[in-house]
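Student: Could you work out the structure for the sequence below:
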Amino acid sequence: MKKTLTTIIALGVGCLLAAPLIASTPEEDQEVWQAYFEKRFPQVPRDEFVNGVYSIDPVGRENWEAIEEFPPYEAAISDGESMWNEPFANGKTYADCFPDGPAIAGKYPHWDKERGMVVTLPLALNECRQANGEEPLKYKKGPIADLLAYVTYESRGQVTNVEIPEDDPRALEAYEKGKEFYFARRGQLNFSCAGCHVGNSGTTLRTEILSPALGHTTHWPVYRSKWGEMGTLHRRFTGCNKQVRAAPFEAQGEEYRNLEYFMTYMNNGLELNGPGARK
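Tutor: Have a look, this model is predicted:
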């Protein structure tokens, strides 16, 4: 039986994969993925999935909407704007690296053909810093999250449109590695990302409703009440790995960048609405 995304979902999305899922094209995967969630949650308009669990949890949504009246990420946006405009020691700013302005989140992640790797927004921001003689920022929280908050706020409304170049097989390989990561079980609890957020999405684990995977990349960075601060998407990846008692990978390492590439591609067509607030 071919290991298409349809087959994996039908057999049980948490299955362990021994090899990359190469039988279906990314376009076919995306169509199956989005149709799956639209069928699973027929009452949810497609563009509502960007709101995560609050698209399916009316009680939680009320609390979230109340929080959004005075967003806990406002200070991060302000601090990030100051960082964007403050000159580096050499007199240049982020604008010298990104001449189109701060509304650039919709361009990431993307495939860098020259380097043969996935480039994410946090990586690009740090590479700008290093190119101008500045120390890179840590990737999980702190100033990088503030800077991302400002950039993503300026990018709200942009439509996710990740491309996998057909003329570079390495891009497809990165996508396939990200897909395999998403569906592979790991850790002492033997969970996969898909086990929670595809097959069991909408169900309750302890006291938490598991959010649908569709839309998961649209609203980062996020202020989490659990953290009491802002955090990045790769901080969340790290936390998920720890929760299933698996050793996490390095933030902005190849594994997580490929995972982000796959997940964001699955969300093509959805608008960016970060930064966000979550429990």
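Student: only C-alpha atoms for contact and neighbour calcs from this point on.
Tutor: OK.
Student: got the residue ranges for the strands in the chain?
Tutor: 110-112, 117-119, 204-205, 208-209, 222-224, 229-231, 276-278 (DSSP state E).
Student: and stretch 193-202, average pLDDT?
Tutor: If you average the pLDDT over stretch 193-202, you get 95.
Student: ditto for stretch 162-178
Tutor: The model assigns stretch 162-178 a mean pLDDT of 97.
Student: Please enumerate residues in contact with it?
Tutor: 20-22, 107-111, 113, 116-118, 255-265, 268 (C-alpha atoms under 8 Å, 6 or more residues apart in numbering).
Student: ditto for stretch 131-148
Tutor: Under C-alpha under 8 Å, 6+ apart, the answer for stretch 131-148 is 76-81, 83-84, 88-90, 92, 122, 126-127, 129-130, 221, 230-235, 251-252, 275.
Student: Please convert the buried members of the contacts of stretch 162-178 into ChimeraX selection syntax.
Tutor: In ChimeraX syntax, the buried subset of the contacts of stretch 162-178 is picked out as below (16 or more other C-alpha atoms under 10 Å):
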select :21,22,107,108,109,110,111,117,118,255,256,257,258,259,260,261,262,263,264,265,268
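Student: Just the ones of the contacts of stretch 162-178 in helices?
Tutor: Of the contacts of stretch 162-178, the ones assigned to helices by DSSP state H are 255-265.
Student: Contacts only, for the nearest residue to Lys226 once chain neighbours are set aside.
Tutor: Excluding the flanking residues, the one nearest Lys226 by C-alpha to C-alpha, 6 or more residues apart in numbering is Lys279, at 5.9 Å. Lys279 makes contact with 224-226, according to C-alpha under 8 Å, 6+ apart.
Student: Now tabulate those in a markdown table and tack on pLDDT and distance to Gly239.
Tutor: Below are those laid out as a markdown table (pLDDT from 0 to 100; distance: C-alpha to C-alpha, whole Å):
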| residue | pLDDT | distance to Gly239 |
| --- | --- | --- |
| Arg224 | 97 | 12 |
| Ser225 | 95 | 14 |
| Lys226 | 94 | 12 |
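Student: Buried only: go through the residues you listed for me.
Tutor: Arg224.
Student: Please, where are all the helices along the stretch 101-250 of the chain?
Tutor: 121-131, 143-154, 169-183, 193-194, 233-243 (DSSP state H, counting those that start in this stretch).
Student: do you know which of these lies nearest Tyr36?
Tutor: With C-alpha to C-alpha, the closest approach to Tyr36 among these belongs to helix 193-194: 12.5 Å.
Student: who does the closest one touch, helix- and strand-wise?
Tutor: helix 169-183 (3 or more C-alpha pairs under 8 Å, 6 or more residues apart in numbering; DSSP states H and E).
Student: The helix it packs on: which residues count as buried?
Tutor: Across helix 169-183, burial judged by 16+ other C-alpha under 10 Å covers 170-183.
Student: picking that back up, just tell me which of the helices of the stretch 101-250 of the chain ends up closest to Arg46.
Tutor: helix 193-194 (19.5 Å).
Student: Could you check how far that closest one is from the centre of its chain?
Tutor: 13 Å (C-alpha atoms, centre = their mean, to the nearest Å).
Student: now swap in stretch 86-98 and tell me
Tutor: For stretch 86-98, the distance to the chain centre is 27 Å (C-alpha atoms, centre = their mean).
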